[in-house]
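# coords please:
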Amino acid sequence: MKSKILILGKGFIGQRLQETLGCDISDRRINSFGDAEDEVKKYSPKIIINCIGFTGKFNVDGCEDDKEKTLQANTFVPIILAEVALRNNIKLIHISSGCIYHYDYSKQKPITERDVPDFLDLFYSRSKIYSDLALESLFKKYNILIVRIRVPFDARPGPRNTLTKLIKYKTIINIPNSVTYVPDFLKAMKHLIKIDAKGIFNVVNKGGLKYSDILDAYKKYVPGFEYTVVDFKKLKMTRTNLILSTAKLEKSGFKVRPIKEVIEECVKEYVKY
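Below is the predicted model of the structure:
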């Protein structure tokens, strides 16, 4: 299995996956079909995991400042890899985002994989929707898996870890949101590869996380830490806030932990670094 998997993209998620799967990883910039085909010839994978993506320099607003890079990384690269994969009988796993929906907390149930993405307010979200819909058109005939993660929290400090960002910001909104605890995501990926999952899977923890819950846990270990809660509406920022369903992932045989169960574990490990 190890030698058959190739990860493309050596960023936060790509490196964490490579440590877990012990497989090949490439940081080659994919600008064309030829670039992707070169990597396939070099590594001869049976599975490609696409971890290439652009979320902006500091946050998703940065995608507006670099439209070419955003479209290349989030839209064109997944489509290029899908074409290379189907021509070479390779399974493609595309790490996507759940930040592609509007959500009404007062009316809606958690969003399932069957719901149609409708958050067109952000360029970042649109760039993700374009590629997801293109890949979805291939599901009936080809072996493609889209994994939708959201707001990744990790037990290790890092610039792309949402916990690190919250500690740095010290000002938070407090709306329950679906989030992905990275150690659980890594286990879910091993499971989805093992069962040869196809189609779309939301890979988040069950329930919604209020950021105050995890920062309160952090304060127990760092007593001097303080933060402030602000009203999201006053920020006048365009963002998705939503809850994703984990029912499909659970039905596949994977035990999804409620987010409240992992908060203490996450913070306890985080402060050791």
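
# In contact with Ile25, which residues?
Going by C-beta atoms under 8 Å, 6 or more residues apart in numbering, Ile25 touches Leu6, Ile7, Leu8, Lys10, Gly14, Gln15, Gln18. Where you see a C-beta, it was placed from the backbone N, CA and C, and this is true even at glycine.

# what bridges to the spatially closest residue to Glu39 that is not a sequence neighbour?
For Glu39, ignoring the flanking residues on the chain, the nearest one in space by C-beta to C-beta, 6 or more residues apart in numbering is Ser26 at 5.4 Å. Ser26 forms beta bridges with Leu8, as assigned by DSSP bridges.

# Let's verify the residue lying closest to Pro117 once chain neighbours are set aside: helix, strand, or coil?
Leaving aside its sequence neighbours, Pro117 sits nearest to Ile100 (C-beta to C-beta, 6+ apart; 3.9 Å). At Ile100 the chain is in coil, as set by DSSP: H, G, I helix; E, B strand; the rest coil.

# my read: Ile100 touches Thr240, true?
Yes. Between Ile100 and Thr240 there is a contact under C-beta atoms under 8 Å: 7.3 Å.

# Mutual contacts of these two, please.
Phe119, Ser125.

# which of these two has more neighbours?
Ile100 (26 against 21; other C-beta atoms under 10 Å).

# Now do that one against Gln108, distance only.
Counting by C-beta to C-beta, to the nearest Å, the gap from Ile100 to Gln108 is 15 Å.

# before we move on, back to that, from Val60, how far off is the residue nearest to Pro117?
Counting by C-beta to C-beta, the gap from Ile100 to Val60 is 12 Å.

# try Phe225
26 Å.

# So which of those two has more stuff around it?
Ranked by neighbour count (other C-beta under 10 Å), Phe225 and Val60 place Val60 first, with 21 against 13.

# for that one, what are its contacts?
Taking C-beta under 8 Å, 6+ apart, one finds Cys99, Leu122, Tyr124, Ser125, Arg239 in contact with Val60.
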